[in-house]
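Q: take this sequence and fold it.
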Amino acid sequence: MNRLTETVKHLLIINVLFFIATQIYGDQMYAWFALWFPENSNFQVWQIVSHMFMHGGFAHIGFNMFALWMFGGPVEQYLGKNKFLFLYFSAGLGAVLFQLGGYYFSYSPIHNELLNMGLTGEQIIQMMSDNKTIEGLTDLQFQKLQEAFPIYRDTYFSSMVGASGCIMGILAAFGVMNPNAELMLIFLPIPIKAKYFIPGIILLDVISAITGQSFFSPSNTAYLAHVGGAVVGFIVMWYWKKNSFNKNRWN
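A: Numbering: from 1, shown residues only. Alright, predicted model coming up:
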């Protein structure tokens, strides 16, 4: 059985405490600590980090904490506490960068088109808040609005919670450490080497991000966050391993 390392233990405790608080205070916790789309008035700078300790349900936190224990312990033993924390939060920030980049990719063109139609920013916010259109639009404007607005509204009100980006970074780092370690999915009990298993999981997330088709995750999963966390985790661990970081541990 994996040894529960000190830093992983503290991360588990913090995540569980946030989850208990969420069960007590409900939506207020999500308003404060989930990562909201930056154009939304709910957005606060601290959410860039705080959302990593928030989860959407028992299954969500259960799976993430199991993965943190399973892969985080060996990675922390290999890296040491300080480098492990750097990897963990770097992967989480990579997840934020990728996911928000994806949001802006879909949001900005529609926002600009709405402004070009003659709508003001205040009118657009009013439409989203009141769920009704503005009077005086031409038929063409109304048609364009109907086509574009649902995607725009969903992006504006989007929020992100979970340690999944951090976990994907840890998983990618584990794969760099142990490329021939055999891993299995719970519902597909076939051993696959980490050097094939982990890129396969990332590829599925990329496909899901592009197509919206979910394979093994809920449909509301932030797929680009998974990809961003894994990419950053891989790059960081690959760089350290290539440069023999064990000779200069941050203990």
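
Q: what is residue 35 paired to in the beta sheet?
A: Beta bridges link residue 35 to residue 160 when assigned by DSSP bridges.

Q: assess the claim that it and residue 44 are in contact.
A: No: look at residue 35 against residue 44 with CB atoms under 8 Å: they stay out of range, at 9.2 Å. Where C-beta positions appear, they are placed from N, C-alpha and C, glycine not excepted.

Q: which of the two has more neighbours?
A: Neighbour count, other CB atoms under 10 Å: between residue 35 and residue 44, residue 35 has more, with 27 against 14.

Q: residues contacting the more buried one?
A: Residue 35 makes contacts with 43, 47-48, 50-51, 96, 159-161, as judged by CB atoms under 8 Å, 6 or more residues apart in numbering.

Q: residue 51: neighbour count?
A: 26.

Q: what sits against it?
A: Going by CB under 8 Å, 6+ apart, residue 51 touches 33-35, 96, 159-162.

Q: same deal with residue 121?
A: Residues counted as contacts of residue 121 (CB under 8 Å, 6+ apart) are residue 115.

Q: okay, it: pLDDT?
A: Looking at residue 121, its pLDDT is 71.

Q: now do residue 173 against residue 202, distance only.
A: Going from residue 173 to residue 202 by CB to CB, to the nearest Å gives 13 Å.

Q: and those two? Which one has more around it.
A: Each of residue 173 and residue 202 has its neighbours counted (other CB under 10 Å); residue 173 has more, 32 against 21.

Q: packing partners of the helix or strand where the more buried one lies?
A: Residue 173 is part of helix 164-177 when elements are defined by DSSP states H and E. Applying 3 or more CB pairs under 8 Å, 6 or more residues apart in numbering; DSSP states H and E, we find helix 164-177 packed against helix 58-79, helix 81-116, helix 194-211, helix 223-242.

Q: give the contact list for residue 14.
A: By CB under 8 Å, 6+ apart, the contact list for residue 14 reads residue 53.
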